[in-house]
Structure formats: C-alpha cells, structure tokens
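**Q** okay, sequence plus prediction incoming.
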Amino acid sequence: MSAPDLFASSVSLSRLGWDDSLAADLPDGLLPARVARVDRGAAEVLTAEGSLQAHYGASVRRAAAADPVALPCVGDWTGLRRLPEGRFELAALLPRRTAFVRGGVGRTSRGGLSGDSQGQVLAANVDIVFIAEPALHATDTADLGRIERLLALAWESGGRPVVLVTKSDLIGDALPHLLEEVAEAAPGVDVHAVCSVTGEGVDIVRGHLDGRHTAVVLGASGAGKSTLVNALAGEEIMETQRVRAGDGRGRHTTVHRELIRLPGGGLIIDTPGIRRIGLYDMGEGVDLAFSDIEDLAAECRFADCSHRAEPGCAVIAAIEDGTLPERRLVSWHKLRREAAWMASRSDPRLRKELQNRWKTIHKEMRKPGRIRP
Ligand SMILES: Nc1nc2c(ncn2[C@@H]2O[C@H](COP(=O)(O)OP(=O)(O)OP(=O)(O)O)[C@@H](O)[C@H]2O)c(=O)[nH]1
Ligand SMILES: [Zn+2]
C-alpha cells in the first residue's frame, strides 16, 4: 500500500471504531474488517475499501465448532486474508473489548452434561450502552426497576451505560423531579432527557459517540429507540411503530441494517437479539448497578449481612435516615435473586472463561477518567 492509501484507510477505519490497540492485535498480513452482519459460514464486513462478503476460514470454523462464543458476531473486529482468486477469507477474530453474551443452558434434557456451552454473543465491541426509558409510557411514568435491570446488563457487557429519559415532551414540569429519581437509580451514570420530536438532547447523545464509538440502544418496546436512531442518522433508517401501524404491516418485517454508520461518525448496533435482551446475564453487573448499596454494605457489622434484619446493618440505617430510597434495596434483592437463578442455569465453564477474558478489559475501562466523563 502506498503512503497516501494508508493514510486514507486509517482515517475511515477509525470512523468504524478502529484504534491502535486493536491494530496491535491484528495478525501480520491480514486486513482489518468489522462485522456488520453474519450469515451461516460468512459475514458481511466493513473495511477501509468498503463492504464485502467474507467466508470463515478454517481456524475460525474450528474455534466456533469447539465453542459457539468464538463465532463471529456483529461488531466483531476481524482479520481478512485476500485469496488468490480475489475473494476474502475471515482468517482471525480479534479479542473482544466488550460483549453482550446470552449464556446458554449447558445441561441437556437427558439429565447429563452436554459438555459444550451454548453461549451466544449477541454483539461485540459496544462502547456505550444507551438505556432508553420513556418519561411516560401509556399512563405510567418511567420504570426505575427496568432502568436498574438494564443497567446491570449494560455493566455486565463491559460497555459504559448512559440513561436516556425519552419522550421528555410528555411530562412537562415534572421532568426535573423525574430526572432526579432516575439519577438516584443510576449511581455514577450520566442521565439525560431526550425528545426526538423537538430534538432536545439528541446532540448530547451524539456527543457520547464522539465520532467513533459504537453504541446499542436498549429499552422496552415503544421506548422510542427507532425514533432516536432516525434522529441521530438524520433520516428514516429504522421503521418506527408509527410507520408500522400506519401501513398495517407486521412488526420487524423489514430486514434492516445491523451495524448502522451515523453521518457524524459513530455506529449503532441494532439486531433482533439485542432488542429482545432483557433478563439475561446480569451477573456481576448487578453489583455495579447498585454501587451505592455495595458501598454502604462495607460498613455493615457482619461481612455476610443480607441487609434484611441484622443488627448494625448500614444499608437499613441509610433507609431509616432517608439517604437511601427503600425501593433501591427491594430492587437489589430482586435482581440478585434473578441473577443467581440465571447463573445456576448457565454453564459454569463458559461463565468463568468469559469472566477471565474480559476481567482485565473491565478493569481498564473502569479506570477513573476513562469510564466517566
Ligand atoms: N411524544 C413523543 N413521542 C415519541 C418520541 N419518540 C418516539 N415517540 C413515539 O413513540 C412510539 C414508539 O417509538 P419507536 O421509536 O417505534 O419505539 P421503539 O423503542 O423503537 O419500539 P420497538 O421497535 O417496538 O422496540 C412512536 O409512535 C413514536 O412516534 C418523543 O420524543 N416524544
Ligand atoms: Zn447490611
């Protein structure tokens, strides 16, 4: 490659999220490419030279046969090898920075151990996890419990959560109070009001993408996710509920893009799997979503305090003196129970492997200054 070519491609690759640390992981002689969509045995990838199809090479196929977690997924960075006949082979999968993993149920119905995990990676290398919760949903105001659940999920992925209170036009003067309540449910996390109708807050959302980050938008059906993505893109790239209702077509009938490049830089991953995610794999994410309770717990008299009725419980004391809303503790108990149940059903070997793989990355990402603006 000549020098000007190299310059041109490094500029556009960085718009796809490519950086020096990824470059250090790329095996010699391979071309960097990001997975935009997967098909059986092949992926549509974005490269500095545009979009192309790449078939999985032997080593990728072998790794995926041994463990489905090694299967390429949307958002993955890969290395391509140019074959003599001009086609491309997906020859290497680069280590993931973050991942949304749906833990498989490792035990088979025959009562034995299947031996192989069935974990599935839904999206990889997501930097920012936007959590969209409408200010008003039918007649209900924002559901703090749902925000907490999605925060746990977001932390677990290794990405940085940002809470967006959408449809902020619907509650008028009650907005500042609602934002305070949401902030209490999201310690250490940025909370913004967004209105896709007036455009309020859309620039703040764009700012988080910083021209190169990759995001997902999680939230209940009708939270305004598609409308927000359209506002960010400046065009109708996602079919919204209004459109779907308007022409009477079924929902999710269009095959939309899964890795969306925004005009100002930055990318959004939107897949059916990510849309359905909700209950899975909160794991340690619950502790991170409830860092206020974790901090208080360090002051409890008993190290194994369950914060129910023990003497010297700092959590209960904080509820009594009004510094911690009781709702937070109820939520925490509920999500911990759910997370424990999920963990008991998923493959322990898979969980351990994933934890090891991302532990260092998590640490790195949560260093002050990197993780919180
Ligand atoms: N008033 C108001 N309505 C909005 C706003 N954003 C979205 N809506 C409306 O809310 C409805 C749902 O929006 P969508 O963007 O389709 O919601 P979604 O989260 O993508 O929903 P699913 O695709 O079902 O997951 C649509 O009728 C939108 O027009 C907003 O900021 N203010
Ligand atoms: Zn306690």
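**A** Arrived safely. Ligands and ions are numbered 1, 2, ... in the order given.
**Q** how about the residues of the stretch 51-200 of the chain by ligand 1?
**A** Residues of the stretch 51-200 of the chain lying close to ligand 1 (CB under 6 Å from any ligand atom) are 166, 167, 169, 170, 195, 196, 197. Just so you know, the C-beta spots here come from the backbone N, C-alpha and C atoms, and that holds for glycine as well.
**Q** please identify, among these, the one with the most neighbours.
**A** Using other CB atoms under 10 Å as the neighbour test, those are led by residue 166, with 30 neighbours.
**Q** tally of neighbours for the residue nearest to that residue when sequence neighbours are not counted?
**A** Nearest non-adjacent residue to residue 166, counting by CB to CB, 6 or more residues apart in numbering: residue 224, 4.1 Å away. Counted with other CB under 10 Å, the neighbours of residue 224 add up to 27.
**Q** how about residue 328?
**A** If you count neighbours by other CB under 10 Å, residue 328 ends up with 21.
**Q** wouldn't it be in contact with residue 292 here?
**A** Yes: Residue 328 is within contact range of residue 292, at 7.0 Å (criterion: CB atoms under 8 Å).
**Q** before we move on, the earlier item: surely the residue nearest to residue 166 and residue 196 touch.
**A** Yes: the pair residue 224 / residue 196 is scored as a contact, 5.9 Å apart, by CB under 8 Å.
**Q** overlap in contacts, these two.
**A** The contact sets of residue 224 and residue 196 overlap at 166, 167 (CB atoms under 8 Å, 6 or more residues apart in numbering).
**Q** what ranges does the stretch 201-350 of the chain have for its strands?
**A** Remark: strands assigned in the stretch 201-350 of the chain by DSSP state E, counting those that start in this stretch are 214-218, 259-261, 267-269.
**Q** dump these into CSV; add distance to residue 158 as well.
**A** Below are those laid out as CSV (distance: least, CB to CB, whole Å):
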stretch, distance to residue 158
strand 214-218, 12
strand 259-261, 18
strand 267-269, 14
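**Q** pipe the ones you listed into a markdown table and attach distance to ligand 1 and mean pLDDT per row.
**A** Output for those, formatted as a markdown table (distance: least, CB to the nearest ligand atom, whole Å; pLDDT from 0 to 100):
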| stretch | distance to ligand 1 | mean pLDDT |
| --- | --- | --- |
| strand 214-218 | 8 | 96 |
| strand 259-261 | 13 | 91 |
| strand 267-269 | 12 | 95 |
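**Q** ok now stretch 92-106, how far from the chain's centre?
**A** Chain-centre distance of stretch 92-106: 12 Å, with CA atoms, centre = their mean, to the nearest Å.
**Q** ditto for stretch 130-141
**A** With CA atoms, centre = their mean, you get 19 Å for stretch 130-141.
**Q** now that stretch: mean pLDDT?
**A** The pLDDT scores in stretch 130-141 average 87.
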